[in-house]
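Q: could you work out the structure for the sequence below:
(4 chains)
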Protein chains: 4
Amino acid sequence: MVDLLRAAVVGATGYTGAELVRLLHGHPGIELVGLFGHSTVGQPVGSVLPSLVGRSEMVRTFEGDVDADLVFCALPHGASAPIVDSLRSAGRVVFDLSADFRLDDADVYRQWYGEHGAPARFGQAVYGLPELHREALRTADLVAVPGCYPTASVLALAPLVSAGVMELGRPIIVDAKSGVSGAGRKVRESTHFTELSEGLRGYSTAGRHRHTPEIEQELSGLAGTGVKVIFSPHLVPMIRGILATAYVEPKGDPAGFTELARQFYAGSPSVHVLDEGSHPDTLWVRGSNRALVSYSLDPRTGWVVAQCAIDNLVKGASGQAIQCANVRFGLPEASGLDHPATWP
Amino acid sequence: MVDLLRAAVVGATGYTGAELVRLLHGHPGIELVGLFGHSTVGQPVGSVLPSLVGRSEMVRTFEGDVDADLVFCALPHGASAPIVDSLRSAGRVVFDLSADFRLDDADVYRQWYGEHGAPARFGQAVYGLPELHREALRTADLVAVPGCYPTASVLALAPLVSAGVMELGRPIIVDAKSGVSGAGRKVRESTHFTELSEGLRGYSTAGRHRHTPEIEQELSGLAGTGVKVIFSPHLVPMIRGILATAYVEPKGDPAGFTELARQFYAGSPSVHVLDEGSHPDTLWVRGSNRALVSYSLDPRTGWVVAQCAIDNLVKGASGQAIQCANVRFGLPEASGLDHPATWP
Amino acid sequence: MVDLLRAAVVGATGYTGAELVRLLHGHPGIELVGLFGHSTVGQPVGSVLPSLVGRSEMVRTFEGDVDADLVFCALPHGASAPIVDSLRSAGRVVFDLSADFRLDDADVYRQWYGEHGAPARFGQAVYGLPELHREALRTADLVAVPGCYPTASVLALAPLVSAGVMELGRPIIVDAKSGVSGAGRKVRESTHFTELSEGLRGYSTAGRHRHTPEIEQELSGLAGTGVKVIFSPHLVPMIRGILATAYVEPKGDPAGFTELARQFYAGSPSVHVLDEGSHPDTLWVRGSNRALVSYSLDPRTGWVVAQCAIDNLVKGASGQAIQCANVRFGLPEASGLDHPATWP
Amino acid sequence: MVDLLRAAVVGATGYTGAELVRLLHGHPGIELVGLFGHSTVGQPVGSVLPSLVGRSEMVRTFEGDVDADLVFCALPHGASAPIVDSLRSAGRVVFDLSADFRLDDADVYRQWYGEHGAPARFGQAVYGLPELHREALRTADLVAVPGCYPTASVLALAPLVSAGVMELGRPIIVDAKSGVSGAGRKVRESTHFTELSEGLRGYSTAGRHRHTPEIEQELSGLAGTGVKVIFSPHLVPMIRGILATAYVEPKGDPAGFTELARQFYAGSPSVHVLDEGSHPDTLWVRGSNRALVSYSLDPRTGWVVAQCAIDNLVKGASGQAIQCANVRFGLPEASGLDHPATWP
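A: Okay, the predicted model is just below:
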């Protein structure tokens, strides 16, 4: 019997923290040895996370380091960088779910987020999308787990950009729709049930959402040239799920896009490419680490609608972090992550 | 005191029929004198429409004509054409909420819907979008009330297409999201609560939805040239509401788009143009005949995100039909339609 | 042509304020002449209430009195009493939607709410449930509009208590379920979409909800003896609607309960009694001032399940306030309130 | 390493079938070796169950027996009995999720369900509520897994009935609220999204729901006398979850109810008793096999509100079936079932 890897979670009391606890519970190769928080320190986890109601282990104070083989940081951006820095200084392997280390261009970071909280560490992370960076992740000590929107958007487009079969001279339109849990656990007016259920709206459309530069960074890397994206998110009255709808002007014949994507994702256990013309549903991936990708040809215009559906808290956050950890520590990539969706 | 116009509704027992009854209830110039149906004939309306529970007037049999100044036909496409034909032969002024008379090109109709149910009448209707066809509506005896998606899509784009300030050489992308009532009252698998709530999916994307040619017809008419649209609808877990998000490549400076739209819709009481960068919410128009339009400039790409939110059963169907009737009979255009939304 | 009554709304920027504006819009006998607020003074109503987006009249400052024939106060309890006092001192006819004047026993008030904000006025109001207090309302200058839960609970039980056909020696169980708008517009943790949608929970069960004494007061008044109620509210993931389910042990034969209720509500245009064994649905009354009441006999135990469904913001608040005003000023009781529900 | 038990699922294509697949996926002691169906035979499971989209193993034809150590039957009542009979004749250990073997009185069965499909087997099953029948389950070869409503209702009341601390001379009121998945996968009018979301209604109240006799059977068994229940279910616009609210007239001092329940459920890993006065939320158990129980004293009346929240598809169906299998085969009772909820 092999020893289990020992994992800690810092920032255990938000939604991604709760989801890390749930997913690690069933993981055959990693055990959870500690939950660390701020405002909830000293409370039993069961009074902080309703999914654990009745469980009495305490949320502990983070004091610069934790005794663990790997650490998941589930903190808001800005708050994460100094803690990641401290953990890395102590030699820990860190999987950071915040935005603090996702961008590789310091100017771009500053433009979207302001001053960085640990500038000396900036640029040291591997972007934690295993489908694109699997090899680099095997030796990474700091992993920047992608945002939920970039995961869905990039997974839909990566095979096409990588193969050079789509026009990149003009901005790519990505119209994204998200459930409300992506806005986090903090109460705010925009997530008040009464004004959100039975309503639908865009927000930060037209290039104002902070996930835009992540998407451009990853697609540009695949393309070998600067790619521009018009990214427009919308808030949908449901708890979980992201659906990204991207509009692709093919270069050449689009007939093989589905097959091309299947080849691209061969060896990627979390991505499933649906048959041409199918439509992924976010309910089909709820609670699971799956990404469902599809391509639909518009015969009237020759364009292709590319879609990807994920659970924003799993493949868009906590599940992806564990997937990265699996890759990093030589476990099967789908370890603890291959369960079906909680459907319906 | 002026006499009230006497209106009948044929097909009174679906959602648009129910909404006609609700909206006509408060109308100062039109009174409802009869409800006609098929499968529900002889039942009290209160047992057919829960919003009228307890009301005892009977659903009547349609026998070729009705005694009324105007008739609203709220029937499915295909079923509507022969009834409209019969009513027109009897000299009635008809407002048809089906798709049967919306298209003006018979070949296009056949391609999307098959054989027409009253070919001799094809092409006789005025397209019932008052914001575009107000003058023609004043003398129309057959009005084809637009679909819900075309209403939202065209209202967002019409001012820009009309003014010649957007590129039309490439297909226009319209990503639309709809509540579930647009699928009608008939029970089907795709509207089963358990598999729809908490999920989000596209359907008939990539140019396969029948509302596509309507949108192209109206925009082409404004442009004076053939316009192509890539129209992709999505089903959102809410009852009412449509949000159309269109992506516009400006020709020239987009700074004045909002002002330009305000001028375009001056004199149109049902359309309100929000400030630049705002986002309309479908909850803000629930139950009302308002259309909220907005434009957001993406400074990084120079493109503009154009949006329009409506209630699909009101401005997207029954309210619009009444708006057309108001125009046709010389009543104030907003008569009976200027109430605020049922918010929240 | 008769003159319109001139109404003002103080506290125009919460949900009941918005609903007053919507309902008065279509009222044939009352016109709205001013909206008064606190934190939103000087803003256009269209930026405060999304249902009025685009409308530019200003929210005005309340300065002790308003020039109007009648005033609706839509303020939180506690905040309402001094303003009501000021308006009454100026001679205005006031319809108060808060809890401040609903109870007629000062000790009971103190026990549930603490010190009263205008003790000299305490006890001067008529309880604004027209179905029970129609005559007193005709001359009332201060009307305490009931809470949403008491309206539904009392309407279900009043005919039975009044007729002396149910056992009152033991506590009456009322299990109530409410949509979320009843919690108001203020953002709080308990109404965060992500932790409320797809969940269901009780709150303040077991006699701890402040609407309990109102229900007991009204039923005791009908019974002529002290009635105890075990009132247990639950929060349901929907915006509007209250369903009260009450459990009745009949005295004598329950066969005639439905007929008895129909007689009790003869002349009450807002209440409709469904056939025995039917179940009212809150969606059937959304946006309307209707109350649907039903009785179902359990043949195995001889007990009766009594239910009432209302829209908490209409018959449970703003619509009921207008209904009271209609009675007070001699207008038809259903004036402006007899429209069908916004269904679906 | 121990051998895994080999399990089959007959009726794999409804919601409880899907949930069995999901839960067995993570089970350390049981492996799934075959899925059997009717109308979907020969289709890949991934095209039948969206949660398995992409998985290619076929749904197989049931031919009277299956090669497995244990069989879960997830069929509708009536359809299940003959298949269970056939499996039992072949010596299989069967866990039947239908209602066919839950009742132990043939007359009562006939009264509620009509003729039985395998009368010779009637009365041979152990009622699969491990918290009440753990010992009998250890040697059971036919287990009748309880309905979702009885599970929640009985778990709330069992400790009190068993301890003789509540009045049983009068009917016990259980007001239950359920998500929509309990109505199954079959499309019907009552589960049409548009007429169900944003609405709330009772159904089969007043002793007409078929789960009533199950509840009475189990409580009567604990009480040693015939107990009557007034059971009133309601349909709530959410996918999963049941909340049962029961009203208890204590015999003697109710102060110790919570502690009494904790003792009763000591050794029951799936039940957690909340602190006195707390309210369980169905979202806190979504996807998990937990039952949350609470007791709230109404100091004004001396009555107690007893509540229990479960996920109707897990502890109310598939999870409970697996829990029974764990007990039957000597595995830890929580094996494969102790994961946290999918929250939020």
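
Q: is the longest helix along chain A anywhere near chain D?
A: Secondary structure assigned by DSSP state H gives helix A:148-163 as the longest helix of chain A. No: remark: helix A:148-163 sits outside contact range of chain D, by Cβ under 8 Å from any Cβ of the partner chain, the gap being at least 14.4 Å. Bear in mind the C-beta positions are built from the backbone N, C-alpha and C, glycine included.

Q: got the CA coordinates for the following helix or strand past that helix in PDB?
A: Per DSSP states H and E, the first helix or strand lying C-terminal to helix A:148-163 is strand A:172-178. This file holds the C-alpha atoms of strand A:172-178, laid out as PDB (Å, rounded to 0.1, in the frame of the first residue of the first chain):
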ATOM      1  CA  ILE A 172     -12.800  36.100 -31.400                       C
ATOM      2  CA  ILE A 173     -16.300  36.400 -29.900                       C
ATOM      3  CA  VAL A 174     -16.900  34.400 -26.800                       C
ATOM      4  CA  ASP A 175     -20.300  34.800 -25.300                       C
ATOM      5  CA  ALA A 176     -20.300  33.100 -21.800                       C
ATOM      6  CA  LYS A 177     -23.000  32.300 -19.400                       C
ATOM      7  CA  SER A 178     -22.400  31.500 -15.800                       C
END
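
Q: how about the strands in the stretch 101-250 of chain A?
A: All strands of the stretch 101-250 of chain A, identified by DSSP state E, counting those that start in this stretch, fall at A:126-127, A:142-144, A:172-178, A:201-202, A:229-235, A:242-248.

Q: quick one, what contacts the residue in the stretch 101-250 of chain A that chain B sits nearest to?
A: When scored by Cβ to the nearest Cβ, the stretch 101-250 of chain A has residue A:199 as its residue closest to chain B, at 2.9 Å. With contact taken as Cβ atoms under 8 Å, 6 or more residues apart in numbering or on different chains, residue A:199 is in contact with A:237, B:238, B:241, B:281, B:282, B:283, B:284, B:286.

Q: near chain D, which residues of the stretch 151-300 of chain A show up?
A: So the stretch 151-300 of chain A meets chain D at A:181, A:197-198, A:239-240, A:272, A:274, A:281, A:283-284, A:286-288, A:292 (Cβ under 8 Å from any Cβ).

Q: farthest pair within those?
A: Taking Cβ to Cβ, the two most distant members of those are A:198 and A:272; they sit 31.7 Å apart.

Q: of the two, which one has the most company?
A: residue A:198 (26 against 20; other Cβ atoms under 10 Å in any protein chain shown).

Q: nearest residue to the more buried one other than its sequence neighbours?
A: Nearest residue to residue A:198, sequence neighbours excluded (Cβ to Cβ, 6 or more residues apart in numbering or on different chains): residue B:238, at 4.8 Å.

Q: tally of neighbours for that neighbour?
A: Residues near residue B:238, counting by other Cβ under 10 Å: 27.

Q: what does chain A put close to chain C?
A: A:15, A:50, A:180-181, A:183, A:185, A:187-189, A:191-198, A:237-239.

Q: let's see it at 10 Å
A: A:15, A:50, A:179-199, A:235, A:237-240, A:313 (Cβ under 10 Å from any Cβ of the partner chain).

Q: if we can go back for a sec, separation between the residue nearest to residue A:198 and chain C?
A: Using Cβ to the nearest Cβ, to the nearest Å, we find residue B:238 at a distance of 10 Å from chain C.

Q: hmm, that residue is touching residue A:237, no?
A: Yes: taking contacts as Cβ atoms under 10 Å, residue B:238 lies within contact range of residue A:237: 5.4 Å.

Q: wait, what's in contact with residue A:45?
A: For residue A:45, the contact set (Cβ atoms under 10 Å, 6 or more residues apart in numbering or on different chains) comprises A:12-13, A:17-18, A:21, A:35, A:37, A:51-60, D:340.

Q: please indicate which of those residues are buried?
A: Among these, those classed as buried by 16 or more other Cβ atoms under 10 Å in any protein chain shown are A:12-13, A:17-18, A:21, A:35, A:37, A:51-54, A:59-60, D:340.
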